[in-house]
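Undergrad: All I have is the shape, not the residue letters:
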């Protein structure tokens with residue numbers, strides 16, 4: 001029977017909606033395998049499937065047949081235009097819509113879409129971030145059809161657009177997007193993982209990186225958003241006094257979802273189901289006004305596309321419900337920000353999860369090998385992982401007692417830590433801690449199976465059962481670059497461990513020789529890289545001190561992290577596995593550095609404008625009212641000392657704000673002239689911004705509510 005969500009839901013107008021047939025709905029707006037199989041000739045479908053499932057080269061001779069079937073499917077569903085949908089280095093998506101309609105010689109029009117239209121587009125490459133790969137006058141760039149990610153329809157106002165996932169490259173062949181390096185890294189991981197599996201006598205045709213990426217976000221009333229210039233220009237509130245109540249009562253997390261938010265979530269789920277995005281979880285997050293969607297695992301390339309679709313859908317649908325979706329990592333000071341936990345693993349075409357420990361992980365040599373490779377990769381490339389999530393916005397979260405610290409470490413949990421400790425000390429493990437059962441002290445409640453290890457929310461890279469969770473990724477980021485880094489460094493570590501095993505085994509092919517070589521190599525690697533394993537409190541000062549003693553990096557800011565991106569070892573790991581050339585890696589560093597400086601420049605300009613045009617006038621108006629009141633009361637012969645004291649406080653704050661604004665202007669001008677603008681922004685502009693904010697927030701708490709020109713935190717966070 002079809003799966004139905006039979007509970008009555010409310011749409012944006014408050015009317016009950018019909019039950020949702022999820023099975024029928026799921027993927028209905030995607031040109032997936034089922035549609036391909038039903039519409040394509042058998043031989044064409046078989047060749048296309050070989051590319052999708054086995055990674056075989058795309059057969060361009062089938063392009064016309066695929067294009068015709070795709071167009072007919074899209075037009076039947078109301079599509080009038082198509083677009084090559086790609087992910088430039090802005091971190092978001094891009095699209096240029098072309099009509100299916102082409103004029104003919106008879107003065108009419110026909111609907112056309114050829115294989116050439118499908119496989120190649122030509123957007124202007126100079127208008128996207130290029131990091132030196134393209135000069136402004138060198139405009140040509142190409143989009144290339146990615147058959148491994150299904151085309152989909154975006155519906156809008158009674159029509160629809162066919163979106164074709166594509167890669168984006170320059171005329172000279174360099175990657176100008178996030179998809180090309182991700183696909184290259186997945187191929188590198190596939191190659192090295194298959195080498196390892198062949199050694200273990202596991203027969204597989206392909207190994208995939210898999211991913212399930214959670215998405216946290218804030219929702220606020222649309223009216224408040226349009227009255228906050230800082231939200232509109234920078235995505236976060238640049239001023240705003242702390243409200244009397246924030247998240248202290250811990251009553252929002254997993255609480256009852258407000259009715260309007262639930263209506264929005266239902267609508268978002270419907271759209272995402274149609275687009276084949278496997279969202280499985282929704283709930284209130286920790287901060288007031290904060291929520292989360294989480295999908296289940298899928299191919300990492302498709303997951304990265306789906307993650308962009310999730311962000312696009314949330315922001316597109318929210319205004320239908322009078323809401324705005326904020327994806328910024330820290331839209332509100334003083335409450336938790338938003339992250340995007342990237343759950344990552346490796347799976348084979350036979351259905352084997354290479355990070356599945358089983359009930360007795362000490363006996364699971366294959367798991368121990370791949371888990372050790374990940375530990376080695378993370379230890380050797382802490383800097384790369386930190387750089388992959390480095391943005392001005394994410395710097396607000398990391399280490400702020402709500403997100404992992406900037407120190408990259410690996411959490412294994414009690415069971416695996418015990419296993420790997422045995423390996424480090426004795427060369428092999430002989431036991432695993434059992435999971436056991438959990439009794440709750442009353443016969444009416446069931447006895448629960450207990451996991452062998454706890455979870456650790458302070459760890460940036462935590463093992464969570466059969467996958468690693470990269471918890472430090474920011475909520476507004478594309479997950480493609482973090483995934484590219486993970487795949488590449490894991491490929492290098494697997495390559496290294498396999499080569500060492502092969503050297504130890506020599507010409508011996510016996511199972512005993514394999515086990516001895518594997519145990520020896522795993523033990524050596526764990527001893528060398530165990531410094532990165534930490535199961536304790538990542539927020540504590542003790543860990544900061546201990547991490548330094550262990551030699552772990554603590555790259556607290558984006559400029560610190562990006563400075564390491566093009567170190568020799570990082571250039572080598574990307575170029576050795578044909579993921580990013582040195583020029584392509586340099587371009588990423590340049591773009592990320594520029595984006596950091598530009599973001600802070602926008603924040604500084606916006607903050608100065610808010611302070612001058614809204615905050616200071618409000619304070620002056622209040623002073624005028626106080627002066628008039630004092631004069632009137634004094635004429636009556638009454639004591640006006642209290643009024644004068646209030647006025648004195650406001651004058652002091654106004655003078656302080658005026659001074660802070662001048663200091664911000666000076667810091668910004670100095671940064672623009674600095675050789676390293678990003679470093680100057682970090683060292684001078686950020687502290688100056690903080691002082692302006694502090695002065696504005698003091699004035700907000702002094703000025704009457706009817707004179708304050710901006711929606712307050714109390715309104716934005718708690719009006720549902």
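TA: All right, it came through fine. Here the structure is a predicted model, which means the values were calculated and not measured.

Undergrad: how much space between residue 241 and residue 703?
TA: 10 Å (Cβ to Cβ, to the nearest Å). From N, CA and C alone the C-beta is placed, and that goes for glycine too.

Undergrad: what's the answer for residue 507, then?
TA: Going from residue 507 to residue 703 by Cβ to Cβ gives 83 Å.

Undergrad: One more: residue 254?
TA: If you go by Cβ to Cβ, the gap between residue 254 and residue 703 works out to 37 Å.

Undergrad: So those two - more neighbours on which side?
TA: Neighbours per residue (other Cβ atoms under 10 Å) separate residue 254 from residue 703, with residue 703 holding more: 20 against 11.

Undergrad: what bits of the stretch 51-200 of the chain have low per-residue confidence?
TA: Where the stretch 51-200 of the chain drops to pLDDT under 70, the residues are 103-111, 135-138.

Undergrad: so where do the strands sit in it?
TA: Assigned by DSSP state E, counting those that start in this stretch, the stretch 51-200 of the chain shows strands spanning 79-85, 97-99, 101-103, 109-111, 120-121, 141-145, 151-156, 159-170.

Undergrad: The stretch 201-350 of the chain now?
TA: 207-213, 215-221, 279-284, 290-295, 298-299, 323-326, 342-348.

Undergrad: Mean pLDDT lowest where, among the ones you listed?
TA: In terms of average pLDDT, strand 279-284 trails the rest of those, at a mean of 88.

Undergrad: quick check: angle from that one to strand 290-295?
TA: 170 degrees (axes from the mean of the first three to the mean of the last three Cα atoms, to 10 degrees).

Undergrad: Now do strand 279-284: everything it contacts.
TA: For strand 279-284, the surrounding residues in contact (Cβ atoms under 8 Å, 6 or more residues apart in numbering) are 214, 252-257, 265, 269, 272-273, 290-296, 310.

Undergrad: Return a selection command, for use in PyMOL, containing the buried ones of those residues.
TA: Buried subset of those, written as a PyMOL selection, criterion 16 or more other Cβ atoms under 10 Å:
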select buried, resi 214+252+257+265+269+272+273+290+291+292+293+294+295+310
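
Undergrad: Now tabulate the strands of the stretch 201-350 of the chain in a markdown table and tack on distance to residue 660.
TA: Shown next, in a markdown table, are the strands of the stretch 201-350 of the chain (distance: least, Cβ to Cβ, whole Å):
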| stretch | distance to residue 660 |
| --- | --- |
| strand 207-213 | 39 |
| strand 215-221 | 27 |
| strand 279-284 | 36 |
| strand 290-295 | 30 |
| strand 298-299 | 49 |
| strand 323-326 | 26 |
| strand 342-348 | 38 |
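
Undergrad: closest one to residue 717 among those strands?
TA: Nearest to residue 717, of all these, is strand 215-221, at 7.7 Å by Cβ to Cβ.

Undergrad: Summarise which helices and strands that closest one is packed against.
TA: strand 290-295, helix 300-317, strand 323-326, helix 713-718 (3 or more Cβ pairs under 8 Å, 6 or more residues apart in numbering; DSSP states H and E).

Undergrad: mind running it again at 7 Å?
TA: Secondary-structure packing of strand 215-221 (3 or more Cβ pairs under 7 Å, 6 or more residues apart in numbering; DSSP states H and E): strand 290-295, helix 300-317, strand 323-326.

Undergrad: May I have the distance across stretch 526-546, first residue to last?
TA: 19 Å (Cα to Cα, to the nearest Å).

Undergrad: ok so, going back, figure out which of the strands of the stretch 201-350 of the chain is closest to residue 607.
TA: Per Cβ to Cβ, nearest to residue 607 of the strands of the stretch 201-350 of the chain: strand 323-326, 17.7 Å.

Undergrad: Within its sheet, name the partner strands of the closest one and how each one runs.
TA: Sheet partners assigned to strand 323-326 using DSSP bridges are listed as strand 215-221 (antiparallel).

Undergrad: which residues sit against the partner strand?
TA: Identification of contacts with strand 215-221 by Cβ atoms under 7 Å, 6 or more residues apart in numbering yields 261, 285, 289-293, 310-311, 314, 318, 322-327, 331, 338-340, 475, 716, 719.

Undergrad: Residue 285 contacts residue 255, doesn't it?
TA: No - counting by Cβ atoms under 7 Å, residue 285 does not reach residue 255; the two are 9.9 Å apart.

Undergrad: Going along the chain, name the strands of the stretch 501-650 of the chain.
TA: With DSSP E, counting those that start in this stretch as the definition, the stretch 501-650 of the chain shows no strands.

Undergrad: Tell me which residues touch the nearest residue to residue 95 once chain neighbours are set aside, please.
TA: Of all residues not flanking residue 95 in the chain, residue 83 sits nearest, at 4.1 Å (Cβ to Cβ, 6 or more residues apart in numbering). By Cβ under 7 Å, 6+ apart, residue 83 lies in contact with 95-98, 161, 163-164.

Undergrad: Quick check: phi and psi at residue 669.
TA: Dihedral pair for residue 669: phi -60, psi -40, per degrees, to the nearest 10.

Undergrad: Which secondary structure element of the chain has the lowest mean pLDDT?
TA: Every helix and strand in the chain was compared by mean pLDDT, DSSP states H and E; the lowest is strand 4-5, with a mean of 35.

Undergrad: so after it, what's the next helix or strand?
TA: Next along the chain after strand 4-5, taking DSSP states H and E as the criterion, comes strand 20-21.

Undergrad: rewinding a little: let's have the strands of the stretch 51-200 of the chain in TSV, adding distance to residue 301.
TA: Output for the strands of the stretch 51-200 of the chain, formatted as TSV (distance: least, Cβ to Cβ, whole Å):
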stretch	distance to residue 301
strand 79-85	14
strand 97-99	24
strand 101-103	32
strand 109-111	30
strand 120-121	19
strand 141-145	13
strand 151-156	14
strand 159-170	9
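
Undergrad: Which one, of those strands, ends up nearest to residue 223?
TA: Closest among these, using Cβ to Cβ: strand 151-156, at 23.4 Å.

Undergrad: Remind me what the closest one packs against, helices and strands.
TA: Against strand 151-156 (3+ Cβ pairs under 7 Å, 6+ apart) you get strand 159-170.

Undergrad: Thank you kindly, that will do.
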